[in-house]
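[1] Sequence first, predicted model second:
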Amino acid sequence: MKYSKLVGKTVRDAPTDAVFDSHKLLYKGGFIRESTAGRYYFLPLGWRVHEKIKAIIKNEMDKTGAQEMIVPVLHPLHLWQETNRTQSAGFELMTIKDGREFQFALGGTAEEMFVDLVRNLKLSYRDLPFNIYQFSTKFRDEIRARGGLLRVREFVMKDAYSFDRNDKEFNKVYEQMAKTYSAIFSRLGLTTTKVEADNGYIGGEYCHEFQVESAIGEGRFFVSENGKYSAHEDVAKFKRDNKNIDEPLKPYKTVEAIRGTTMEDGVKLHGLPLWQQMKCVMFFNQNQQPITNNQQLILAVIRGDYDVNETKLAHLVGAYHLRHATVEEIHSIGSEPGFISPVGLKGKVKIVGDISLRTVRNMYGGVNKKHLDSLNMNIDRDFTVDIEGDIAMAQPGFLAEDGKSKLVEKRGIEVGNIFQLGYHYTKLMKGANFIDEDGKEKPYYMGCYGIGIGRTLAAIVEKFHDEKGIIWPKAVAPYDVHVVEVKSREYGVKRKAEEICGQLEKAGIEVLWDDRENVSPGVKFADADLIGIPWRAVVSAKTGEKVELKRRNAAEARMVSVAELVSLLSC
RNA sequence: CGGGGUGUAGCUCAAUUAGCAGAGCGCGCGGUUUGGGACCGCGAGGCAGUCGGGGCAGAGCCGACCACCCCGACCA
């Protein structure tokens, strides 16, 4: 490819809007351009990288026996209604009508479509298991796109869906996909950490994300020091330490409490440790289904030194989305912000207690009245909860659940994930059954597996660049070698460059040939560094019958013959 | 959705007090250059985000809206 003809050249300045290295470099290198927020053009150079990533994913997926196909981008909206996802995913679901007023969802993920297809195929256990996948543009009406390619509203995703007879068969597929993902990312040059995560609106009971560690990553997760446990903060479990668990129960009493509404105010007033204070946070369940009177209000009760994990809480109460309750809502059930207590609220709100309430005795906190506190509150004796479980947010330094190893905090870019879906979709969607050996209809046991191509591309750039530009791993570089002719007009240089490029291409090597005349060597070298092709071969009057070969990230160059160059780049 | 910010040429940015819309980079033409971002000359390119308001006069002032960015909330 002649650089002079390439659509999308390098530029000196990136837009001020670009803040992440991957965004700046992909812009400056001529890989991408922005359309509207979160929607990008991939220019020819960027698309070559995109397609190389796709090819590697396809290759690894096909090795497992998965089969590529494609489903329509417009999904009949009634399918999404069938699984209630117009509610659970409505916030980022885009819809559109055709000329006959028929409603579609613009696909952001395609579980319903694949299940709809498969249920109409009327299969039997003999056809199972299978795994079908596609590469297609996904639409997500993100509240806020950000970071160039890292979080966008329109992107190509590889999404795979597996259909199995039962959980036992499924587990094999899930493990296989986990291995395949590690293999894919490793071929792309990325080191990933597999972390337990929340299924969110995708549904199912468990899932794992593949995170590339990065300071600019949006995802926060924890890894135990011994490496045995890793989990996204949404789901990370930890061992709660016992506090004054041997202290005898003291008599419950109320005291005047002229204080502010924060936890610190309570500590200061009573001179007692933070962990002994009872933290009460009121939430509102935004599910649209009719709920009797105040049951939309949920009171989370937890030890004072812990924070409430809203994801865990939402799961325990079966909510899609929670928000903090308003002052009015808290007043409506006869309580007072800053002085909320589970004592006396039984039946008025759904009370959810963290298991940490059993690690401390004689707790203190409010009594649902302004400027009145209680001392020596104890679970079971003074109050009971409707649901008791894990609703606490893990923090760095906490002990992992096995009690042996501390949790370390990490940030990462989530480049892929694998979900167990179980019967989630096949029970919600009528007739999503196969005929089993015993002649009876049974629902498919499912999983799904996604990789965002553009985000993966951006993650690679975040990992592989220096102050001069990108340093592509060989496997995804847009070209194998960047041939730079210097002083094109000197006798023989252009002809020699052309001949070398021809030989390389004949050998199946992908060449970007900077054939520009009237461009100084400095500009060409700077552009080569920015574009980041792994090898640079300089042809000039000085190089004679050889070329000057340099790795993108090496300081020194060396002279090699064309034959050496071909054999070096062929392997 | 809350907080903050920005909209002037493809990009980076200027323009006293409201008084004919500017530069650099990039692009085109001509010429001189060519081993780490060369130079000279000429040229093309802008209804100033949109709409409204007061004003002799608006890029600038006032209002509304829109778009975009950052932080948070939220979220694969």
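    Received it, and whenever you're ready, just let me know what you need. Residues are numbered from 1 along each chain as shown, chains lettered A, B, ... in the order given.
[2] Around RNA strand B, which positions in the stretch 351-500 of chain A sit nearby?
    A:E414, A:V415, A:N417, A:G450, A:G452, A:R455, A:K468, A:V486, A:K487, A:S488, A:R489 (C-beta under 7 Å from any atom of the strand). Placement of C-beta: from N, CA and C, glycine included.
[3] hmm, try it at 10 Å
    A:413-417, A:419, A:450-456, A:468-469, A:484-490, A:493 (C-beta under 10 Å from any atom of the strand).
[4] And those, which of them are buried?
    Buried members of these, scored by 16 or more other C-beta atoms under 10 Å, are A:413-417, A:419, A:450-456, A:469, A:484-486, A:488, A:493.
[5] Just the buried residues of the helix or strand where A:L565 lies, please?
    Under the criterion of DSSP states H and E, A:L565 resides in helix A:562-570. Residues of helix A:562-570 classed as buried: A:V562, A:L565, A:V566, A:L569 (neighbour count, 16+ other C-beta under 10 Å).
[6] Equivalent analysis for stretch A:149-168, please.
    Neighbour-count burial for stretch A:149-168 [16+ other C-beta under 10 Å]: A:149-165.
[7] Likewise for stretch A:318-334?
    Those buried within stretch A:318-334 under the rule 16+ other C-beta under 10 Å are A:A319, A:Y320, A:H321, A:L322, A:A325, A:E329, A:I330, A:I333.
[8] swap in stretch A:430-438?
    A:A432, A:N433, A:F434.
[9] Distance from the chain centre to that stretch, please.
    Distance of stretch A:430-438 from the chain centroid (C-alpha atoms, centre = their mean, to the nearest Å) equals 33 Å.
[10] Can you get me the start-to-end distance on that stretch?
    20 Å (C-alpha to C-alpha, to the nearest Å).
[11] Turn the buried residues of helix A:562-570 into TSV, columns for distance to RNA strand B.
    As requested, the buried residues of helix A:562-570 are exported to TSV (distance: C-beta to the nearest atom of the strand, whole Å):
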residue	distance to RNA strand B
A:V562	15
A:L565	15
A:V566	19
A:L569	18
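[12] now check stretch A:80-100, is it near RNA strand B?
    Yes. Applying C-beta under 10 Å from any atom of the strand, one finds that stretch A:80-100 is in contact with RNA strand B at A:S88, A:A89, A:F91, A:E92.
[13] What subset of the residues you listed is buried?
    By neighbour count, with 16+ other C-beta under 10 Å, the residues of stretch A:80-100 next to RNA strand B hold A:S88, A:A89 as buried.
[14] can you tell me which of the residues of stretch A:80-100 next to RNA strand B are in helices?
    A:S88 (DSSP state H).
[15] quick one: the helices in the stretch 251-400 of chain A?
    Assigned by DSSP state H, counting those that start in this stretch, the helices in the stretch 251-400 of chain A fall at A:263-270, A:310-317, A:327-332.
[16] any idea how far A:V547 lies from A:V511?
    12 Å (C-beta to C-beta, to the nearest Å).
[17] low-scoring stretches of chain A, by residue?
    A:90, A:288-295 (pLDDT under 70).
[18] Looks like A:G148 contacts A:A458 (just checking).
    Yes. With contact defined as C-beta atoms under 8 Å, A:G148 counts as touching A:A458 (6.1 Å).
[19] Are there residues contacting both of these two? Which ones?
    A:F20, A:S22, A:H23, A:L26 (C-beta atoms under 8 Å, 6 or more residues apart in numbering).
[20] Of these, which are in range of RNA strand B?
    Answer for the shared contacts of A:G148 and A:A458 near RNA strand B (C-beta under 10 Å from any atom of the strand): A:F20, A:H23.
[21] residues near the residue of the stretch 101-250 of chain A at minimum distance from RNA strand B, how many?
    Using C-beta to the nearest atom of the strand, the single residue of the stretch 101-250 of chain A nearest to RNA strand B is A:G200, 2.6 Å away. Neighbourhood size, A:G200 [other C-beta atoms under 10 Å]: 16.
[22] Show me where the stretch 101-250 of chain A has its strands.
    Using DSSP state E, counting those that start in this stretch, the strands of the stretch 101-250 of chain A run over residues A:103-106, A:130-139, A:154-164, A:192-197, A:206-213, A:219-224, A:230-232.
[23] so A:H23 sits right up against A:L149, yeah?
    Yes. At 7.1 Å, A:H23 counts as touching A:L149 under the criterion of C-beta under 8 Å.
[24] what do those two both touch?
    A:A458.
[25] give me the element A:R411 is part of.
    Using DSSP H and E, A:R411 sits in strand A:407-422.
[26] domain assignment for chain A?
    As given by automatic domain parsing, the domain ranges for chain A are A:3-191+A:434-461, A:253-389, A:479-570.
[27] Show me what the most centrally placed residue in chain A bridges to in the sheet.
    Taking C-alpha atoms, centre = their mean as the criterion, A:E414 is the residue nearest the geometric centre of chain A, at 3.4 Å. A:E414 has the following beta-bridge partners by DSSP bridges: A:Q211.
[28] That'll do, ta.
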